[in-house]
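Engineer: sharing a model that was predicted from the sequence below.
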Amino acid sequence: MDDPIIRLQGIAKQFGTFVALRDISFDIGRGEFFSLLGASGCGKTTLLRILAGIEQPSKGDLTIDGKSMAGVPANRRPTNMVFQSYAIFPHLTVRENIGYGLVYQNLSKAEAAARTEEAIELVKLTGLSDRSAHQLSGGQRQRVALARALVCRPKVLLLDEPLSALDKKLREEMQQELRSLQRTVGITFVFVTHDQEEALTLSDRIAVMSGGKVLQIDTPQGLYERPNCLEVAGFVGTMNLFPATVSGADGSCAVANGTSIGELRGRLNDRPVTAGDAIYMAVRPEKIAIDAAPHKAGPNCAAGRIASVSYLGDRSHYLVDVAGLEEPVAVYRTNLARQGLPETAGTEVTLSWDETSAMVLPR
Amino acid sequence: MTKRFDLLFVYAVFFVLFLYGPMLLMPLFSLNDGNFATFPLKGFTLRHYGEMAANTSMMTALKNSLIVGICVSITSTALALPAALALTRYRVPGGGAILSFMMLPLVVPSIVLAVGLLVVILRILGLPLSLWTVAAGHLMLCIPFGMTVLMSRLEGFDKSLEEASRDLGAGGWSTFRRVTLPLAAPGVISSLLLCFIISFDEFVISFFLTGTDSTLPVFLFSQLRFPNKLPGTLALGSLILVGSAVLVILAEIVRKRGVASDNPGDL
């Protein structure tokens, strides 16, 4: 990447004998909405705190906007952070909270006041500015934390699971606001989350982390359609996995004959395989067609029996038992119109999918 | 059910009487028109309070105690705060050992401490005994109490508040002044009150380390030999009783308000 805003080179972090991060290297571009996604304990928050300067890496180099951050303390970095707990100063009002950092920016009193008011307006807190912090709701606290960080005009805004404490509806609203805010201010956002849906909704690119390592960095589409390992496939969305042994390749397509459900074909995703490799053929639930027609011959086709149906309004989730498979196959179907499929357990159905919808994952 | 309650009630009354009865006799006799603290009461008078105010050596002792108490409470809180900060905020090598060592005066009998201090001050340092030496002894006794109060306060609030302050551009000192100190304020106030009370009623160390100027407890002890001085002592004791009750209630209100709000910084 040319001229990235953040460059991480071989960053590692150890707490005593516990290795929190190992050999992390990647770039984040200017103006990107970049997410660090992973289960708790994967090191994503530690990485964010290293970017902020609250933690020091045990090894490796961090460059922000072309300058090395070695030995630069948190208060002299061009980054600001929105903490998971929001860390709103309880003894100050909303306005005092938001203006907290401007004292250190060599501004005149009038300038600082104007910028504070501007930030209050940006996060729609006008009228609440003289409230004390504990009179605020969760969503309002979150806005104060955002405004307090943005008012300092950082080059990078760091967000540590800022939406995890909000209820579902408010969270979805704030996601939209956060995204449009990021477009308005044009600042690079580095966003830590364990919620894959949130990461997919918000991000330009996502780094999936596990056990202190980065597994894959890609766009939301890239992660969903072309996961590079089982862990990423399982973490981002749901994946049906059919164990198979490669019998050959056909162009960009792997062929596995003689599995318990017949011939399977799937995309190689630029990962060469040779005959005899143990793999999974992986298919997303929404890419599988389910219908009542009798079983037709051909690849990527299986007969099964509906084990359960969850009706979710706009769509239904099916679990289908297929002979020869240990786990039931998950199938999502959009409820476009009444299609003559009985929504009851026990119905015999046929599952089928395109070879371009399936992909090969190493076993 | 009722019977059980009645028994408990009687028990509670006896318990409270046993605890506070002797103390409540003091104001009673201080208002009694007689020189001996005995029943039957002879009549109501305020003359003991007048005698107390006229007793200049007693007033000097009271003044000494107040001065020592105030100085000790401020100094020990000022010394305990950085120590408490260091031990709660940073991983100090040997922190546990340092903490136990600082808490030692809490468990060592004060007479042992007093004798030790006396030897050090007279034989090793060669200093004359005065209110300064009394204050030094009290300081040693008060620091662990101040530490305990302040550490529990500092451990109670979200460390990310200080991190947020650093992140927003504040240096170490600025963060202390704008975030840590205001949030620790209830702890600082409790520490000041607690240390004052400890110093004010401390007897053993004062008794050993006092020079010509004595503190109030030492003075009162010396007066016990003279029966006609007793009512004045009772009058002063009653006033102190009221004063310390007010102080303790104040301290408790401050502490409660700090605990009750979900934001530890509210006062």
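Structural biologist: That came through fine.

Engineer: give me the below-cutoff pLDDT ranges for chain B.
Structural biologist: In the predicted model, chain B carries pLDDT under 70 at residues B:1-5, B:36-38, B:255, B:257-267.

Engineer: so what secondary structure elements neighbour the helix or strand containing residue B:208?
Structural biologist: Using DSSP states H and E, residue B:208 sits in helix B:204-209. When contacts are defined as 3 or more Cβ pairs under 8 Å, 6 or more residues apart in numbering or on different chains; DSSP states H and E, helix B:204-209 sits against helix B:110-119, helix B:131-156, helix B:216-223. Bear in mind the C-beta positions are built from the backbone N, C-alpha and C, glycine included.

Engineer: ranking the ones you listed by burial, who's on top?
Structural biologist: Using mean count of other Cβ atoms under 10 Å in any protein chain shown, the stretch among the helices and strands packed on helix B:204-209 with the greatest mean number of neighbours is helix B:131-156 (a mean of 21).

Engineer: can you verify residue B:164 is assigned to a strand?
Structural biologist: No: assigned with DSSP: H, G, I helix; E, B strand; the rest coil, residue B:164 falls outside any strand and is helix.

Engineer: my guess is it contacts residue A:80, does it?
Structural biologist: No: contact criterion Cβ atoms under 8 Å: residue B:164 and residue A:80 do not qualify, at 9.2 Å.

Engineer: tell me the contacts of residue B:190?
Structural biologist: B:149, B:153, B:251, B:254-255 (Cβ atoms under 8 Å, 6 or more residues apart in numbering or on different chains).

Engineer: how about it: what's its closest non-neighbour residue?
Structural biologist: With sequence-adjacent residues excluded and distances taken as Cβ to Cβ, 6 or more residues apart in numbering or on different chains, residue B:190 is closest to residue B:149, at 5.0 Å.

Engineer: ok, now how distant is the one you found from residue A:334?
Structural biologist: 63 Å (Cβ to Cβ, to the nearest Å).

Engineer: which parts of stretch A:312-330 are buried?
Structural biologist: Along stretch A:312-330, these residues count as buried under the neighbour rule (16 or more other Cβ atoms under 10 Å in any protein chain shown): A:316-320, A:322, A:325, A:328-330.

Engineer: closest to residue B:224 out of these?
Structural biologist: Proximity of those to residue B:224 (Cβ to Cβ) peaks at residue A:317, which lies at 87.2 Å.

Engineer: tell me the contacts of the residue nearest to that closest one when sequence neighbours are not counted?
Structural biologist: Excluding the flanking residues, the one nearest residue A:317 by Cβ to Cβ, 6+ apart is residue A:310, at 4.3 Å. Residues near residue A:310 by Cβ under 8 Å, 6+ apart: A:316-318.

Engineer: for residue A:310, which three-state class applies?
Structural biologist: strand.

Engineer: quick check: beta-bridge partners of the closest residue to residue A:4 other than its chain neighbours?
Structural biologist: Spatial nearest neighbour of residue A:4, chain neighbours left out: residue A:27 (3.7 Å); criterion: Cβ to Cβ, 6+ apart. Beta bridges link residue A:27 to residue A:7, judged by DSSP bridges.

Engineer: ok, residue A:27 - how many residues close by?
Structural biologist: With neighbours defined by other Cβ atoms under 10 Å in any protein chain shown, the count for residue A:27 comes to 17.

Engineer: need the per-residue pLDDT for it.
Structural biologist: Here, the pLDDT recorded for residue A:27 equals 95.

Engineer: check the gap between it and chain B for me.
Structural biologist: In this view, residue A:27 and chain B are 23 Å apart by Cβ to the nearest Cβ, to the nearest Å.

Engineer: still on that earlier bit, quick check, nearest of the contacts of residue B:190 to residue A:214?
Structural biologist: For the contacts of residue B:190, the nearest to residue A:214 is residue B:153 (40.4 Å; Cβ to Cβ).

Engineer: could you measure from the closest one over to chain A?
Structural biologist: 14 Å.

Engineer: do residue B:64 as well
Structural biologist: From residue B:64 to chain A the distance is 38 Å (Cβ to the nearest Cβ).

Engineer: give the contact list for that residue.
Structural biologist: Neighbouring residues of residue B:64 by Cβ under 8 Å, 6+ apart: B:131, B:213-216.

Engineer: element containing it?
Structural biologist: Residue B:64 is part of helix B:56-89 when elements are defined by DSSP H and E.

Engineer: what's the following helix or strand after that helix?
Structural biologist: Using DSSP H and E, the helix or strand that follows helix B:56-89 towards the C-terminus is helix B:95-102.

Engineer: so which elements touch that following helix?
Structural biologist: Counting contacts by 3+ Cβ pairs under 8 Å, 6+ apart, helix B:95-102 packs against helix B:56-89, helix B:131-156.

Engineer: can you tell me the SS state at the most centrally placed residue in chain B?
Structural biologist: In chain B, the residue lying closest to the centroid (Cα atoms, centre = their mean) is residue B:197, at 2.0 Å. At residue B:197, secondary structure determined by three-state DSSP is helix.

Engineer: for residue B:212, same thing?
Structural biologist: Relying on three-state DSSP, one would call residue B:212 coil.

Engineer: give me the number of residues near the nearest residue to it once chain neighbours are set aside?
Structural biologist: Excluding its sequence neighbours, the residue lying closest to residue B:212 (Cβ to Cβ, 6+ apart) is residue B:130, at 7.7 Å. Residues lying near residue B:130 (other Cβ under 10 Å) number 15.
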